[in-house]
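sequence and computational prediction follow.
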Amino acid sequence: MDTALVRLADHMLIAGNRGETTGYARWTSLRLRADGLILLGEWPDLDRIASATGLQTLIAALAEDAEDAEDRTALRRTAGAVGRLGEGVIEETIASIAIDAAGGTP
């Protein structure tokens, strides 16, 4: 059990105070960390929420729920713009990696 808890702590999934004596280890104040809660689905993955895809999905959902037609149209346009921005970031990142792999020349 101790080995498993140590591994979870090494991966930043749990936190606690570990005391060791000859023959056994003792854990106190054992709790899940944010990454452990994310893994269990109990905590939002902030990287995913902040991503362009997550933002686009959120705005599109707001558009579907909007009662006013103007608001719905504006939200849909915004979701499309965010999607295009996200695609641009991905394309630039891939291009940068390709340049680095080619020895730094475009």
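Sure thing, it's come through.

when you work out contacts or count neighbours from here on, use the C-alpha atoms and nothing else.
Will do.

what about the residue nearest the centre of the chain, distance to Asp35?
Centroid check for the chain by Cα atoms, centre = their mean gives Asp47 as the closest residue, at 2.8 Å. For Asp47, the distance to Asp35 equals 11 Å [Cα to Cα, to the nearest Å].

may I see the buried residues of the helix or strand encompassing Arg77?
In the assignment (DSSP states H and E), Arg77 maps to helix 69-101. Residues 72, 75-76, 78-80, 82-83, 86 are the ones in helix 69-101 that count as buried (16 or more other Cα atoms under 10 Å).

outline the domain layout of this protein.
2-39, 46-101 (automatic domain parsing).

make CSV from these and add mean pLDDT to it.
Below are the domains of the chain laid out as CSV (pLDDT from 0 to 100):
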stretch, mean pLDDT
domain 2-39, 93
domain 46-101, 79
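
does the residue nearest to the centre of the chain count as helix, strand or coil?
helix (DSSP: H, G, I helix; E, B strand; the rest coil).

for Thr78, see how far away it is.
20 Å.

ok, Ala66 next?
Ala66 is 13 Å from Thr78, by Cα to Cα.

buried set for the helix or strand harbouring Ala63?
Assigned by DSSP H and E, Ala63 falls within helix 52-65. Neighbour-count burial for helix 52-65, counted by 16+ other Cα under 10 Å, picks out 52-57, 59-60, 62-63.

next, the angle helix 69-101 makes with it.
170 degrees (axes from the mean of the first three to the mean of the last three Cα atoms, to 10 degrees).

which residues does helix 52-65 contact?
Here helix 52-65 makes contact (Cα atoms under 8 Å, 6 or more residues apart in numbering) with 48-49, 71-76, 78-80, 82-83, 85-86.

mind saving the C-alpha coords of it as CSV?
The C-alpha coordinates for helix 52-65 follow below in CSV (Å, rounded to 0.1, in the frame of the first residue of the first chain):
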residue,chain,number,x,y,z
ALA,A,52,-9.5,27.4,-27.8
THR,A,53,-11.5,24.3,-28.4
GLY,A,54,-13.0,24.4,-24.9
LEU,A,55,-13.8,28.1,-25.3
GLN,A,56,-15.3,27.5,-28.7
THR,A,57,-17.5,24.7,-27.3
LEU,A,58,-18.6,26.9,-24.4
ILE,A,59,-19.5,29.9,-26.7
ALA,A,60,-21.3,27.6,-29.1
ALA,A,61,-23.4,26.2,-26.2
LEU,A,62,-24.2,29.7,-25.0
ALA,A,63,-25.3,30.5,-28.6
GLU,A,64,-27.7,27.5,-28.5
ASP,A,65,-29.2,28.7,-25.2
